[in-house]
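Chemist: Requesting a structural model of the entry that follows:
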Amino acid sequence: MTTQVEARASGLGITRDDAERAGTGGRVRHGETQREGEVQREVAQRGRDVAAQLRGYGDARVSRGREVRAGLAREIVALHQAEAQRDGEAQREMAQRRQDIAQRGREVTTWLRGYSDEQVRMQRTAATMQVGRAGAVAVATPASTLEEEQEAVERAQVGEVTEELSTLSERVFEYLANHHLDGARLTAIEEEFGLSRFESARVVRNLINDGKAEKRDLLYFVV
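Modeler: Reported below is the predicted structural model:
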């Protein structure tokens with residue numbers, strides 16, 4: 001080998017030492033080239049590793065973002081469902097309350113109608129009984145007396161409503177109110193308050209004009 005190097009060097013006109021140095025330098029450069037290649041390959045591999053890690057990190061972030069969005073969507077749907085359920089329950093409760101109120105109103109109306117019908121029936125019964133009694137009294141009472149009662153009230157002129165007339169009218173009204181079922185004749189009012197025919201007729205006419213009393217046959221009732 002040495003002989004070949006020497007021969008080659010001799011043919012090129014260089015010394016043996018120069019040839020040896022040139023061979024050593026070539027080997028060094030070759031080693032450096034190999035080292036550079038290894039470094040480049042290592043750098044490339046590290047780059048690929050980092051890129052893979054970044055891709056994995058990005059995929060994890062995307063996956064986590066999807067999970068978060070899906071969770072939020074589920075919570076929103078649950079909130080809407082709960083709100084719709086509460087609204088439905090409130091509407092059903094309000095509908096039930098309206099039904100209860102309507103039923104209560106119907107019950108009250110029925111009760112009032114029955115109470116009113118019973119009052120009317122009792123008043124009619126009492127009026128019928130009083131008419132019967134009044135008819136019996138009329139048989140025993142001179143016709144002129146009954147006619148005088150009617151004519152006295154019909155012809156009575158109230159005139160100026162004085163304080164005395166107003167007070168007396170209130171007392172007679174209370175008396176008729178206490179006899180709202182059977183009423184009262186003009187003669188009964190005269191006897192109760194010690195009034196003359198003129199005074200009693202004026203008081204009764206005043207109550208009728210004020211809409212506080214009415215005449216049924218021979219009897220007077222509060223309105």
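Chemist: low-confidence ranges in this structure?
Modeler: 1-28, 111-147, 150, 152, 156, 158 (pLDDT under 70).
Chemist: and if we set it to 50?
Modeler: For the chain, the stretches with pLDDT under 50 are 5, 9, 131-144.
Chemist: okay, now the domains of it?
Modeler: As given by automatic domain parsing, the domain ranges for the chain are 2-62, 142-222.
Chemist: These: which one's closest to residue 77?
Modeler: domain 2-62 (22.5 Å; C-beta to C-beta). Every residue, glycine included, has its C-beta placed from N, CA and C.
Chemist: Highest mean neighbour count out of the domains of the chain?
Modeler: Highest mean neighbour count among the domains of the chain (mean count of other C-beta atoms under 10 Å): domain 142-222, with a mean of 16.
Chemist: The residue nearest to residue 183 when sequence neighbours are not counted and residue 181: what is the separation?
Modeler: Leaving out its chain neighbours, the residue that sits closest to residue 183 by C-beta to C-beta, 6 or more residues apart in numbering is residue 219, at 3.4 Å. Going from residue 219 to residue 181 by C-beta to C-beta, to the nearest Å gives 11 Å.
Chemist: Can you show me the helices along this protein?
Modeler: For the chain, the helices defined by DSSP state H cover 2-12, 16-140, 143-155, 163-178, 186-193, 197-209.
Chemist: circling back: please verify my assumption that the residue nearest to residue 183 contacts residue 186.
Modeler: No - counting by C-beta atoms under 8 Å, residue 219 stays clear of residue 186, with 9.2 Å between them.
Chemist: Name the residues linked to residue 222 by a beta bridge.
Modeler: With DSSP bridges applied, residue 222 shows beta-bridge pairing to residue 213.
Chemist: Pull the contacting residues for it.
Modeler: 173, 176-177, 180, 212-213 (C-beta atoms under 8 Å, 6 or more residues apart in numbering).
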